[in-house]
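Student: here is a sequence with its predicted model. Questions after.
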Amino acid sequence: MGQIQSDEDMEVELSDIQPLYTKFMRECPSGALHLHEFRKIFGIQSTSEDEALYIETLFKSFDTNRDDVIDFMEFVAAIHLVLRGKLEDRLKWSFKVYDRDDNGKLDRQEVKRVIKIICQLQKNHINMTPSDICDRIFEHLDENKDGQISLSEFMEGAKKEASIMDLLKLDTNARGWFRENWGKKNMSFQ
């Protein structure tokens, strides 16, 4: 009683979904968002093979039924996760994106690849190279020093240190992009 509900705890209301559905169907009349449309909608012009693979990995992470399209329900779930999802769920999703070979462990190559692409996409002006960032992540997260980061190490390490969490969450300003491109006035759940 008297508690303020955070953005992360609020559910998407039907009144929020209706305008989103209208916009989705206008952009994707077939009711299915394909990879090439995903790239176009998010304004990503793949300039490198790594970047193209990263965007494909993001796309696949939202395609929960593995049918190579994102339907409206998957789209809403993805938007909810990125804009409102609980920290634990966003970290699990981030881990899944980093885990390119889907073996449940992150190696240095997987982490460095994603960090490099995020730096390119965000045009970061960080005073650290992707290799330096990767080394810092492993220094803080690889508890047993086996050269791999498990999901539990990833989750616990990210929660312990804010600067590491910022590097791991895959925050590419999704909230800002969504407001700009999908219309703030019609969707109050942002």
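Tutor: The structure has been received and is ready for your questions.

Student: from here on, just use CA atoms for contacts and neighbour counts.
Tutor: Will do.

Student: show me where this structure has its helices.
Tutor: Secondary structure of the chain (DSSP state H): helices located at 14-27, 35-41, 49-62, 72-84, 87-98, 108-122, 130-141, 151-160, 162-168, 174-182.

Student: from the chain's centre, how far out does the longest one sit?
Tutor: Yep, that's helix 108-122 we're talking about. Offset of helix 108-122 from its chain centre (Cα atoms, centre = their mean, to the nearest Å): 13 Å.

Student: ok, now the first one?
Tutor: Relative to the centre of its chain, helix 14-27 is centred 21 Å away, using Cα atoms, centre = their mean.

Student: residues near K160, how many?
Tutor: K160: 12 surrounding residues under other Cα atoms under 10 Å.

Student: need the per-residue pLDDT for it.
Tutor: K160 is assigned 87 on the pLDDT scale.

Student: do the same with L91
Tutor: Value for L91, per-residue pLDDT: 88.

Student: is it correct that it is in contact with G157?
Tutor: No. Between L91 and G157 there is no contact under Cα atoms under 8 Å: 10.7 Å.

Student: so, low pLDDT: which residues of the chain?
Tutor: Within the chain, the ranges that satisfy pLDDT under 70 run 1-14, 42-47, 121-126, 169-190.

Student: leaving out chain neighbours, which residue sits closest to C134?
Tutor: In this structure, C134 finds its nearest non-sequential neighbour in K112, 5.5 Å apart by Cα to Cα, 6 or more residues apart in numbering.
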